[in-house]
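S.K.: make a model of this:
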Amino acid sequence: MLNIWNARVEAIRAKYPHVRTVILIKSDDLLKLTIFEIETVRYNPELYEWRFNRNGNLEGWRDDEHCFTWQPHGSQFTIIEKVPESKLCVSLKDPGKIDQAAIIDMLGVDETWIEVIQPE
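M.R.: Residues are numbered from 1 along each chain as shown. Predicted structure coming up:
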């Protein structure tokens, strides 16, 4: 898994010498956001201890610190990063619920724009 990550990092660095990853953390209500960036780096797989958790996900650990999780059933790879003090935090005002009928009317939606075709 880290070999795949490292190959992708090498491929992008062949075109661009300075590559950074932007991380966006969203609150459950999507009204609070935290944003920071990190240098995109290669990782040496031999520096990590690898073990499966109770959900069958493969985890990479180093010095008793959880660093990676690979979820093979969803093909998702997560790099665990500490949120730096220099992060940007944004709080958004809840815009309230949008009246769907008013938006459709404002756009001038015409029902003749859509034709439902029944399967044969």
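
S.K.: past the longest helix anywhere in the chain, which element shows up next along the chain?
M.R.: When the chain is parsed with DSSP state H, its longest helix is helix 2-15. The helix or strand immediately downstream of helix 2-15 is strand 20-26, counting by DSSP states H and E.

S.K.: so for the longest helix of the chain, what gets flagged as buried?
M.R.: 2, 5, 9 (16 or more other C-beta atoms under 10 Å). Every residue, glycine included, has its C-beta placed from N, CA and C.

S.K.: contacting residues around the first one?
M.R.: Right, the one you point to is residue 2. Residues near residue 2 by C-beta atoms under 8 Å, 6 or more residues apart in numbering: 43, 44, 45, 48, 60, 68.

S.K.: then the strand or helix carrying residue 104 to PDB, C-alphas only?
M.R.: Taking DSSP H and E as the definition, residue 104 sits inside helix 100-107. The C-alpha trace of helix 100-107 is given here as PDB (Å, rounded to 0.1, in the frame of the first residue of the first chain):
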ATOM      1  CA  GLN A 100     -37.200  24.600  -3.100                       C
ATOM      2  CA  ALA A 101     -40.400  25.700  -4.800                       C
ATOM      3  CA  ALA A 102     -39.300  29.300  -4.800                       C
ATOM      4  CA  ILE A 103     -35.900  28.400  -6.300                       C
ATOM      5  CA  ILE A 104     -37.600  26.300  -9.100                       C
ATOM      6  CA  ASP A 105     -40.000  29.200  -9.800                       C
ATOM      7  CA  MET A 106     -37.200  31.700  -9.800                       C
ATOM      8  CA  LEU A 107     -35.200  29.700 -12.300                       C
END
